[in-house]
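Visitor: below are the sequence and a predicted model; questions follow.
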Amino acid sequence: MSALVTILDDEPAIREMLSDALQDAGFQTMTFSRATEFEAALRRTTPDVCLVDLGLPDRDGLSLVHRLALEQGAIVIIISARAQTQDKITGLELGADDYIIKPFDPAEVVARIRARLRTPKRAASSNTARFAGWTAHFDRFALEAPDGIETAFSQAEGEVLRLFLDAPKRLISRAQMQESLGGNAGESFDRAMDVRISRLRTKLNEDPKNPRLIKTIYGAGYIFVSDVEWV
């Protein structure tokens, strides 16, 4: 069955344009103009990808992005006219997987969705990994600490974590991350990775000045230094 993409935008022309492009590309779509309608639909269905506009008439889209990232496990892509760097950073910090600025080419949206659906997280068969006393539960997007306390992580953070856990004790360059995770190379992608790695380190109780698990190799990339057991 083809992936289901939900489109939340208060502009009818944009909803129609995106829906037509995605259906032509083989996706299923559902469209919504208000957050309340969208949230009601989530109680009945589970989308694979959520396209979310930030300028909604009934609530701020950023708070909705945060909830989707933590509770739904769907890929979340913001589509917004807000082009300021800080808006992009905030959206990524709240758990969005990508940020597309209006106006846009519908073909680019289709390409970015396909890239996200090809990530290692969805391809791997195992959903649980153990490392350094921690357990990562990718089926429910939770990190379990050695003392049993769980902390939620977003889809975007999970993609990066799984990339590290699939290649422990090996250097992962920025170019390899970009190729595996999708997105456009450049300052925006680098900033997104910085945000996600910083948030992962915080959730792993890492010392930001001397992290134990996710090591930065300046000018080269990152190394995840622990042994990993997939179960």
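Guide: Everything's here; your move. Because the structure is a prediction, the values reported are computed rather than measured.

Visitor: what helix or strand is the residue nearest to the spatial centre of the chain located in?
Guide: The geometric centre of the chain, computed from its C-alpha atoms, lies nearest to Ala156 (C-alpha atoms, centre = their mean), at 2.5 Å. Using DSSP states H and E, Ala156 maps to helix 155-166.

Visitor: neighbouring strands - and their directions - for the helix or strand that that helix is followed by?
Guide: Using DSSP H and E, the next helix or strand after helix 155-166 towards the C-terminus is strand 171-172. Sheet neighbours of strand 171-172, with direction, are listed as strand 221-224 (antiparallel) (DSSP bridges).

Visitor: ok, and what's touching the strand it pairs with?
Guide: 164-165, 167-174, 176-177, 197, 213-217 (C-beta atoms under 8 Å, 6 or more residues apart in numbering). Quick note: C-beta positions are derived from backbone N, CA and C, even for glycine.

Visitor: of those residues, select the buried ones using a ChimeraX command.
Guide: Per 16 or more other C-beta atoms under 10 Å, the buried members of those correspond to this ChimeraX selection:
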select :164,165,167,168,172,177,197,213,214
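
Visitor: would you mind measuring from the residue sitting furthest away from the middle of the chain to Thr135?
Guide: If you look at how far each residue of the chain sits from its centre, by C-alpha atoms, centre = their mean, the farthest one is Asp147, at 26.9 Å. For Asp147, the distance to Thr135 equals 12 Å [C-beta to C-beta, to the nearest Å].

Visitor: before we move on, what about Asp194?
Guide: 25 Å.

Visitor: so which of those two has more stuff around it?
Guide: Thr135 (17 against 13; other C-beta atoms under 10 Å).

Visitor: which helix or which strand is home to the more buried one?
Guide: strand 134-137.

Visitor: how about that strand as PDB, C-alpha atoms only?
Guide: Extracted in PDB, the C-alpha atoms of strand 134-137 (Å, rounded to 0.1, in the frame of the first residue of the first chain):
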ATOM      1  CA  TRP A 134      20.900   2.500  27.300                       C
ATOM      2  CA  THR A 135      18.100   1.100  25.200                       C
ATOM      3  CA  ALA A 136      16.700   2.800  22.100                       C
ATOM      4  CA  HIS A 137      13.100   1.800  21.300                       C
END
